[in-house]
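Asks: Sequence and computational prediction follow.
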Amino acid sequence: MGDFKLTTVEEFEAATNRLLETGAKVGADAWQLRVKNQTPHCKFGEQGICCRICAMGPCRITPKAPRGICGCDAHGIVGRNYLKFTAGGAAAHSDHGREICHTLYASAPDGAYKVKDPEKLIRIAKEWGVETEGKDIYDLAHEIAEMALLEYGKPFGTQRFINRLPQHTLDLWEKAGVTPRAIDREVSCALHMTHMGCSSLPEALVRQSIRTGLGDGWGGSMCGTEFSDVLFGTPKPIETEANLGVMNADNVNIVVHGHDPSLSEMVCEYADDPEMIAYAKSVGAKGITVSGVCCTSNEVAMRRGVPMAGNFLQQENVVLTGACEAIVVDVQCIFPALGPLSKCFHTKFITTSAIARMPESEYIHFTVGTAAEKAKQIVKLACDNFKNRKPELVHIPDMKQKATVGYSLEAIVKVLDGVTNSQVDVLGTTKPLLECVTSGVLRGAVAMVGCNNPKIRPDTAHIELMKKLIANDIIIVASGCAAQAAAKAGLMDKRAKDLCGAGLKRVCELADIPPVLHMGSCVDISRMMVLVAELAKDSGLKISQLPVVGCAPEWMSEKAVSIGNYVIGTGIDTFLGVDPYVSGSSEMAQWLTNDVRDMVEAAFTVETDIEKLVDAMIDRIEEKRAAIGI
Ligand code: MSK
């Protein structure tokens, strides 16, 4: 392994503690302090048994008061809260996808946004039955963008992308009544069902949660992923680095944060512009470093190799380095705390979207039409701010790891081609991967996704689970903040192969991959869904029979619950390390962990003990192998 060694959570924490000391000097607040103020959490909220959907309440369920004023019991209240949570997540993901469709609609050969992957666009057009022959690529882009936008509100029919699934799944969905219709309709229907005086039957609420999630995963999120690839390029393996040490004390540091690559792509473009680099030098810096936080970081890392400064619970740390000239955000997972925190330093906190307005930020309204001009303005503003740095507050932890990222489905299929001696034409099939699994070289795969949550010691669950899984020859595909946890630890360094079991190590060597494959941002879990659909079609198995499970050990957002619903809805058992506020209803818990299996052949396991969680995943993978006789 040479000098390679994983970075430990203890080392992460020591670096954070040093940054919090700087914060204390300037009177900065921090999430670590706010968690203390909020603990213990409200027990009614934790169990999901507080109802405030009408103005007769709020009603809380206790042994003495087992029903709300309208007569709804704990099961109905927990179920409605769960569906609302799902709808919030599906709306956020899908609206992000919608923005990407609008960006595609505005693409032009001489505009700020161009079609970078025309082959993928043509492939999708053919999949959707659109004539491509002799068509100008931008005419085609606009036609497909409009069709995609109509997926959000079409009055009849179901989502186009579901035709990627094996027939068995489609039949199952039809029977269960969960085939997703228009994306917005599923969100709207969910909010209608949870209105006062509508559904309070757990079964119905779970069914719509699955359907709303599927509208997100196989609709809105998939549009986000596919059309981001068309616009900005389908990711291919690329080298980058991760953790706060990627920031550079000599340079103007711009941190991009959020989810929508339309903004961050433009900021990266202008930060690379020789005119801007010369401008940075004119203000005394040696250059410009752009790094990322959360899923925006995943997007630009996968396509440009832009380094990852950190994941969700590290967003305040980038400001605490005292070396961040601007933190530029778009939508989702942004702490409002960045406003007051940035005021303790010289950092400009720049909000750019009407969807995410925050106090104490500088608002630079970013639109597709003004993208180039606004991105340039942002980069210039960061450069101008370099002179305001307070050198005595600057401390960048000397901590980073190398990572190979950019494993889109297309890239995974391509790299695994090198692993077997398969004689089949493997271009475009998952057969080499299947061969590895059926031969037992790989025992299975885990899709590791999701956030950080202060309820779990940050990154511990991700890293410990991954270490044990790879040691057991289970390959990991990761996205979102789980992927960044892996990268920060060093698990996306190809040298991490030495931590694997013999089978996975061999695969890593032959294919020249790390044992944890970076598949992208939150919306890119749709890539994982297409991968399992392809695996099922190529193997002739049902998705639920594949030795594959999903896991979100540190999740926190509504989007994560929507994801969980579409992952189990697709037939993949999913393991959660945080309870989705359903412990107050035995019926809802029973539905989500067991009975839902009758609808979609998969269910949730909730286990807050990380050691038990990983063992349960390994057991499930082995059970699935035994059931299909491999
Ligand atoms: S950013 S939803 S904290 S993964 Fe996608 Fe990370 Fe979770 Fe946000």
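Replies: That came in fine, so what should we check first? Residues are numbered from 1 along each chain as shown.

Asks: Alongside the ligand, which residues does the stretch 251-400 of the chain contribute?
Replies: Residues of the stretch 251-400 of the chain lying near the ligand by CB under 6 Å from any ligand atom: 259, 294, 295, 312, 333. Every C-beta, even on glycine, is put in place using the N, C-alpha and C of the backbone.

Asks: out of the residues you listed, which is most surrounded?
Replies: The residue in those with the most neighbours, by other CB atoms under 10 Å, is residue 295 (33 neighbours).

Asks: Quick check: which ranges of the stretch 501-630 of the chain have low pLDDT?
Replies: Scanning the stretch 501-630 of the chain for pLDDT under 70 picks out nothing.

Asks: Tell me which residues touch residue 551, please.
Replies: Residues in contact with residue 551 (CB atoms under 8 Å, 6 or more residues apart in numbering) are 446, 447, 448, 449, 465, 574, 575, 576, 577, 613, 617.

Asks: So what touches the helix or strand hosting the last one?
Replies: Same thing as residue 617. For residue 617, the host element (DSSP states H and E) is helix 610-627. Outside of helix 610-627, the residues that reach it under the criterion CB under 8 Å, 6+ apart are 440, 443-444, 446, 456, 460-461, 464-465, 468-469, 472, 474, 545-549, 551, 553, 573, 575, 577, 605, 607.

Asks: ditto for stretch 270-286
Replies: Contacts of stretch 270-286 (CB under 8 Å, 6+ apart): 248, 250-252, 254, 287-288, 290, 372, 375-376, 378-380, 383-384, 386-387.

Asks: related to what we said a few turns ago, redo the residues of the stretch 251-400 of the chain next to the ligand as JSON lines? Include secondary structure and pLDDT.
Replies: Conversion of those to JSON lines gives the following (DSSP: H, G, I helix; E, B strand; the rest coil; pLDDT from 0 to 100):
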{"residue": "259", "secondary structure": "coil", "pLDDT": "97"}
{"residue": "294", "secondary structure": "helix", "pLDDT": "97"}
{"residue": "295", "secondary structure": "helix", "pLDDT": "97"}
{"residue": "312", "secondary structure": "helix", "pLDDT": "98"}
{"residue": "333", "secondary structure": "coil", "pLDDT": "98"}
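
Asks: do stretch 202-218 and the ligand meet at all?
Replies: No: contact of stretch 202-218 with the ligand (CB under 6 Å from any ligand atom) is absent, the minimum separation being 12.4 Å.

Asks: pull the CA atoms of that stretch into CSV?
Replies: Only the C-alpha atoms of stretch 202-218 are listed here, as CSV (Å, rounded to 0.1, in the frame of the first residue of the first chain):
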residue,chain,number,x,y,z
PRO,A,202,-51.6,3.5,6.4
GLU,A,203,-51.8,1.2,3.4
ALA,A,204,-53.1,4.0,1.1
LEU,A,205,-50.5,6.5,2.4
VAL,A,206,-47.6,4.0,1.9
ARG,A,207,-48.9,3.2,-1.6
GLN,A,208,-48.9,6.9,-2.6
SER,A,209,-45.5,7.4,-0.9
ILE,A,210,-44.1,4.7,-3.2
ARG,A,211,-45.8,6.2,-6.2
THR,A,212,-44.6,9.7,-5.5
GLY,A,213,-41.1,8.4,-4.9
LEU,A,214,-41.2,6.5,-8.2
GLY,A,215,-42.3,9.7,-10.0
ASP,A,216,-39.1,11.3,-8.6
GLY,A,217,-36.7,8.4,-9.2
TRP,A,218,-37.9,7.3,-12.6
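
Asks: Low-confidence regions, the stretch 351-500 of the chain specifically.
Replies: 418-428.

Asks: Residue numbers of the protein in contact with the ligand?
Replies: By CB under 6 Å from any ligand atom, the residues of the chain that approach the ligand are 259, 294-295, 312, 333, 450-451, 480-481, 521-522, 557, 559-560.

Asks: Return the backbone torsion pair for residue 117.
Replies: Main-chain torsions, residue 117, degrees, to the nearest 10: phi -130, psi 80.

Asks: Just the ones in strands from the contacts of stretch 270-286, please.
Replies: 252, 254, 288, 290 (DSSP state E).

Asks: Going by neighbour count, list what's buried in stretch 608-617.
Replies: 610, 613, 614, 616, 617 (16 or more other CB atoms under 10 Å).

Asks: now stretch 495-506
Replies: 495, 496, 497, 499, 500, 501, 503, 504, 505, 506.

Asks: Closest one to residue 365 out of those residues, please.
Replies: residue 496 (42.4 Å; CB to CB).

Asks: remind me, longest helix of this protein?
Replies: If you go by DSSP state H, the chain has its longest helix at helix 74-105.

Asks: Now the element after it, going C-ward?
Replies: helix 118-127.

Asks: So residue 126 is in contact with residue 132, correct?
Replies: Yes: counting by CB atoms under 8 Å, residue 132 is a contact partner of residue 126 at 6.2 Å.

Asks: Mind checking which of these two has more residues around it?
Replies: The neighbour count for residue 126 versus residue 132, taken as other CB under 10 Å, is higher for residue 132 (16 against 11).

Asks: I'd like the C-alpha coordinates of the helix holding residue 617 written as PDB, please.
Replies: Provided in PDB are the C-alpha atoms of helix 610-627 (Å, rounded to 0.1, in the frame of the first residue of the first chain):
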ATOM      1  CA  ILE A 610     -24.200   0.400  12.700                       C
ATOM      2  CA  GLU A 611     -22.600  -2.900  13.400                       C
ATOM      3  CA  LYS A 612     -26.000  -4.700  13.200                       C
ATOM      4  CA  LEU A 613     -26.900  -2.700  10.100                       C
ATOM      5  CA  VAL A 614     -23.900  -3.800   8.100                       C
ATOM      6  CA  ASP A 615     -24.400  -7.500   9.300                       C
ATOM      7  CA  ALA A 616     -28.000  -7.300   8.200                       C
ATOM      8  CA  MET A 617     -27.000  -6.100   4.800                       C
ATOM      9  CA  ILE A 618     -24.400  -8.800   4.300                       C
ATOM     10  CA  ASP A 619     -26.900 -11.400   5.500                       C
ATOM     11  CA  ARG A 620     -29.500 -10.100   3.000                       C
ATOM     12  CA  ILE A 621     -27.100 -10.300   0.200                       C
ATOM     13  CA  GLU A 622     -26.100 -13.800   1.100                       C
ATOM     14  CA  GLU A 623     -29.800 -14.800   1.400                       C
ATOM     15  CA  LYS A 624     -30.400 -13.500  -2.100                       C
ATOM     16  CA  ARG A 625     -27.500 -15.400  -3.500                       C
ATOM     17  CA  ALA A 626     -28.700 -18.600  -1.800                       C
ATOM     18  CA  ALA A 627     -32.200 -18.100  -3.100                       C
END
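
Asks: Check which helices and strands the longest helix of the chain is in contact with.
Replies: Judged by 3 or more CB pairs under 8 Å, 6 or more residues apart in numbering; DSSP states H and E, helix 74-105 is in contact with strand 50-51, helix 137-150, helix 183-193, helix 202-215, helix 221-232, helix 261-271, helix 558-569, helix 586-590.

Asks: Reformat these as CSV; add distance to residue 67.
Replies: Listed next are those as CSV, based on distance: least, CB to CB, whole Å:
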stretch, distance to residue 67
strand 50-51, 10
helix 137-150, 43
helix 183-193, 19
helix 202-215, 15
helix 221-232, 37
helix 261-271, 47
helix 558-569, 25
helix 586-590, 14
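
Asks: Please produce CSV containing these, extended by mean neighbour count.
Replies: Output for the helices and strands packed on helix 74-105, formatted as CSV (neighbours: other CB atoms under 10 Å):
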stretch, mean neighbour count
strand 50-51, 23
helix 137-150, 18
helix 183-193, 21
helix 202-215, 26
helix 221-232, 28
helix 261-271, 26
helix 558-569, 29
helix 586-590, 18
